[in-house]
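Student: can't give you the sequence, but here's the structure:
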């Protein structure tokens with residue numbers, strides 16, 4: 001079966017990811033995950049404290065991009081996009097690093113702003129069947145920022161990014177004004193829209209959902225998330241790693257993420273979380289596929305019936 005492959009690279013504040021997905025050419029438009037790699041570089045640790053990416057992290061990032069380039073060549077991807085978020089946005093030396101990576105690997109990195117990041121996370125909603133008659137909030141908590149979007153009656157009505165992230169919180173680098181901005185926005189949204197369900201993306205909420213033992217197809221209640229999050233707070237980092245088999249770079253920030261998800265949900269008056277395995281990196285794949293399919297359709301490559309498509313939801317998300 002002939003397949004076409006797309007790749008996305010997400011350079012986050014806590015980790016760097018490569019996702020390669022393919023779609024068959026026989027007319028079913030079903031996506032399959034071919035490869036997912038996560039490298040815990042934690043660029044935000046240096047940036048949020050010192051304002052720049054140090055030489056060690058720069059070399060690690062360059063080596064990672066070289067490896068990703070080789071893998072994309074092996075998989076013969078049709079197209080790819082690489083995006084960087086909060087850490088690279090704020091690093092004083094990000095432009096020179098981006099230039100070096102482009103020269104050494106032929107990978108051009110787009111440093112996207114917070115608003116665009118929020119919109120890209122929203123783009124991944126195509127993985128989930130939503131009720132057009134209901135209101136939903138989308139929340140993605142990453143290492144350097146939190147993105148919140150709201151859709152009402154199937155239309156995007158709000159989208160914003162806040163400098164509140166798990167790595168920032170770990171190093172006490174979140175400004176009070178960011179909390180105020182978030183609280184004010186969520187309070188206004190609560191007054192305008194009835195939101196019962198929050199669609200939450202990111203590695204930490206996926207893990208919290210697993211630890212809460214949410215049954216497949218069920219929602220994670222705000223109460224259940226609060227219980228598992230408070231339990232984790234009673235454990236040391238080492239205990240979290242041993243008891244729940246968490247990675248080091250997950251164990252030390254997971255409760256920070258839990259706090260942010262809970263704060264936003266409670267401010268909105270939401271009762272539960274829907275936790276599909278989606279995120280920024282899935283949105284990047286979706287946008288590439290949509291663009292590629294449009295070009296093919298214009299060339300009469302695709303028949304009209306392929307405009308409706310279904311996506312496999314069992315795909316790991318991104319951006320923690």
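Tutor: That came in fine, so what should we check first? Here the structure is a predicted model, which means the values were calculated and not measured. Numbering: from 1, shown residues only.
Student: shaky segments in the stretch 51-200 of the chain?
Tutor: Screening the stretch 51-200 of the chain residue by residue with the criterion pLDDT under 70, one finds the ranges 121-129.
Student: ranges for the strands of it?
Tutor: Across the stretch 51-200 of the chain, reading from the start of the chain, the strands by DSSP state E, counting those that start in this stretch fall at 79-84, 109-111, 135-141, 146-152, 155-162, 197-201.
Student: with distance to residue 24 added, can I get those in JSON lines?
Tutor: For the C-beta atoms, the positions are set from N, CA and C on the backbone; glycine is no exception. Formatted as JSON lines, the entries for these read as follows, by distance: least, C-beta to C-beta, whole Å:
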{"stretch": "strand 79-84", "distance to residue 24": "17"}
{"stretch": "strand 109-111", "distance to residue 24": "28"}
{"stretch": "strand 135-141", "distance to residue 24": "28"}
{"stretch": "strand 146-152", "distance to residue 24": "30"}
{"stretch": "strand 155-162", "distance to residue 24": "30"}
{"stretch": "strand 197-201", "distance to residue 24": "26"}
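Student: mind putting the ones you listed in TSV, mean neighbour count and distance to residue 211 included?
Tutor: Converted to TSV, those look like this (neighbours: other C-beta atoms under 10 Å; distance: least, C-beta to C-beta, whole Å):
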stretch	mean neighbour count	distance to residue 211
strand 79-84	22	29
strand 109-111	18	33
strand 135-141	25	16
strand 146-152	24	21
strand 155-162	17	25
strand 197-201	26	14
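Student: looking at those, which is nearest to residue 237?
Tutor: Proximity to residue 237, assessed across these by C-beta to C-beta, is greatest for strand 135-141 (18.9 Å).
Student: which strands or helices does that closest one pack on?
Tutor: Of the remaining helices and strands, those touching strand 135-141 by 3 or more C-beta pairs under 8 Å, 6 or more residues apart in numbering; DSSP states H and E are helix 114-123, strand 146-152, strand 197-201, helix 254-268.
Student: can you put the ones you listed in a markdown table and add distance to residue 290?
Tutor: Putting the helices and strands packed on strand 135-141 into a markdown table (distance: least, C-beta to C-beta, whole Å) gives the following:
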| stretch | distance to residue 290 |
| --- | --- |
| helix 114-123 | 9 |
| strand 146-152 | 18 |
| strand 197-201 | 19 |
| helix 254-268 | 28 |
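Student: so for residue 89, which of those sits nearest?
Tutor: Among the helices and strands packed on strand 135-141, the nearest to residue 89 by C-beta to C-beta is helix 114-123 (7.6 Å).
Student: contact partners of that closest one?
Tutor: When contacts are defined by C-beta atoms under 8 Å, 6 or more residues apart in numbering, helix 114-123 is touched by residues 83, 85-86, 89, 112, 138, 140, 145, 147-149, 151, 156, 159-163, 201, 279-280, 283-284, 286-287, 319.
Student: repeat that for stretch 261-276.
Tutor: If you take C-beta under 8 Å, 6+ apart as the criterion, stretch 261-276 is touched by 127-128, 136-137, 139, 141, 146, 148, 182-183, 186-187, 189-190, 194-201, 205-206, 208-209, 214, 219-222, 225-226, 229, 313, 317.
Student: return the set of buried residues in it.
Tutor: The neighbour-count criterion (16 or more other C-beta atoms under 10 Å) identifies 261-265, 267-270, 272-276 as the buried residues of stretch 261-276.
Student: ditto for stretch 33-49
Tutor: Neighbour-count burial for stretch 33-49, counted by 16+ other C-beta under 10 Å, picks out 33-35, 38-39, 41-48.
Student: in strands only, show me those.
Tutor: 33, 34, 35, 38, 39 (DSSP state E).
Student: closest to residue 256 out of the residues you listed?
Tutor: Distance ranking of those against residue 256, using C-beta to C-beta, places residue 38 first at 18.3 Å.
Student: residues contacting that closest one?
Tutor: Contacts for residue 38 (C-beta under 8 Å, 6+ apart) come out as 15, 16, 17, 203.
Student: 7 Å instead, please
Tutor: Neighbour list for residue 38: 15, 17 [criterion: C-beta atoms under 7 Å, 6 or more residues apart in numbering].
Student: and the gap between it and residue 82?
Tutor: When distances are taken as C-beta to C-beta, to the nearest Å, residue 38 and residue 82 turn out to be 15 Å apart.
Student: tell me how this protein divides into domains.
Tutor: Following automatic domain parsing, the chain resolves into domains at 3-114+279-307, 129-274.
Student: got JSON lines for those domains, with distance to residue 120 too?
Tutor: Written out in JSON lines, the entries for the domains of the chain read as follows (distance: least, C-beta to C-beta, whole Å):
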{"stretch": "domain 3-114+279-307", "distance to residue 120": "4"}
{"stretch": "domain 129-274", "distance to residue 120": "9"}
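Student: that concludes my questions; thank you for your assistance.
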